[in-house]
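Novice: Just a sequence and a predicted model for now, questions to come.
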Amino acid sequence: MREDGFDPRRRVMLFNLDRVRTNVRQATTEDLLDRITVYRGGMEPEALELIAEELRDRGAHDEHIAAHAERRQRETKYGPDGTAVRCSRCHRPAVAEGWGWHRIWGKVPMFPRFYYYCAEHRPDQAG
Ligand SMILES: [Zn+2]
């Protein structure tokens, strides 16, 4: 910290926290529940506090969070670090995996690659 009490590092942190707060308000409840359960290993403690606060405001209490964690635990793929593996197409936790074609503009198959899929993007459910 400098002599005048201004700490640039603290300022950056506060700025980021503001961004996190805005982001948390705009996130879906499902997203917040994922962040506070399966992704909590990668989150800042301050961010987790904001998320817990927002979930309380939305009426999701500890038992909702525990139920969500339990459901995800059953269906989600976890990496070696204990954090949930994300879907290859969105930020949701993956529930299935498999080989698929990497496609240019979503059309032209280029090369096969390994994909992770959330419940929404699973090929067997996407029609
Ligand atoms: Zn997805």
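Specialist: Cool, the structure landed. Numbering: from 1, shown residues only.

Novice: what about the host helix or strand of Glu63, average pLDDT?
Specialist: Using DSSP states H and E, the element containing Glu63 is helix 62-75. In this model, helix 62-75 carries a mean pLDDT of 93.

Novice: May I see the buried residues of it?
Specialist: Judged by neighbour count (16 or more other CB atoms under 10 Å), helix 62-75 contains these buried residues: 65, 68-69, 72. C-beta coordinates here come from the backbone N, C-alpha and C atoms, glycine included.

Novice: Does anything pack onto the helix or strand just after that helix? Which helices or strands?
Specialist: Downstream of helix 62-75, the next assigned helix or strand under DSSP H and E is strand 96-104. When contacts are defined as 3 or more CB pairs under 8 Å, 6 or more residues apart in numbering; DSSP states H and E, strand 96-104 packs onto strand 108-117.

Novice: Run the contact check for the strand it packs on versus the ion.
Specialist: No. Counting by CB under 5 Å from the ion, no contacts exist between strand 108-117 and the ion, the nearest distance being 6.2 Å.

Novice: Touching that strand from outside, list them.
Specialist: 77, 85-89, 94-104, 123 (CB atoms under 8 Å, 6 or more residues apart in numbering).

Novice: ok, of those residues, which come out buried?
Specialist: When the contacts of strand 108-117 are checked for burial by 16+ other CB under 10 Å, the buried set is 77, 85-88, 94-96.

Novice: hey, C-alpha coordinates of the helix holding Glu63 in CSV?
Specialist: Extracted in CSV, the C-alpha atoms of helix 62-75 (Å, rounded to 0.1, in the frame of the first residue of the first chain):
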residue,chain,number,x,y,z
ASP,A,62,-29.5,-24.3,1.7
GLU,A,63,-31.8,-27.3,1.0
HIS,A,64,-32.2,-26.2,-2.7
ILE,A,65,-28.4,-25.9,-3.0
ALA,A,66,-27.9,-29.3,-1.4
ALA,A,67,-30.5,-30.9,-3.6
HIS,A,68,-28.9,-29.4,-6.7
ALA,A,69,-25.4,-30.5,-5.6
GLU,A,70,-26.7,-34.0,-5.1
ARG,A,71,-28.4,-34.2,-8.5
ARG,A,72,-25.2,-32.9,-10.2
GLN,A,73,-23.1,-35.3,-8.3
ARG,A,74,-25.0,-38.2,-9.7
GLU,A,75,-25.0,-37.1,-13.4
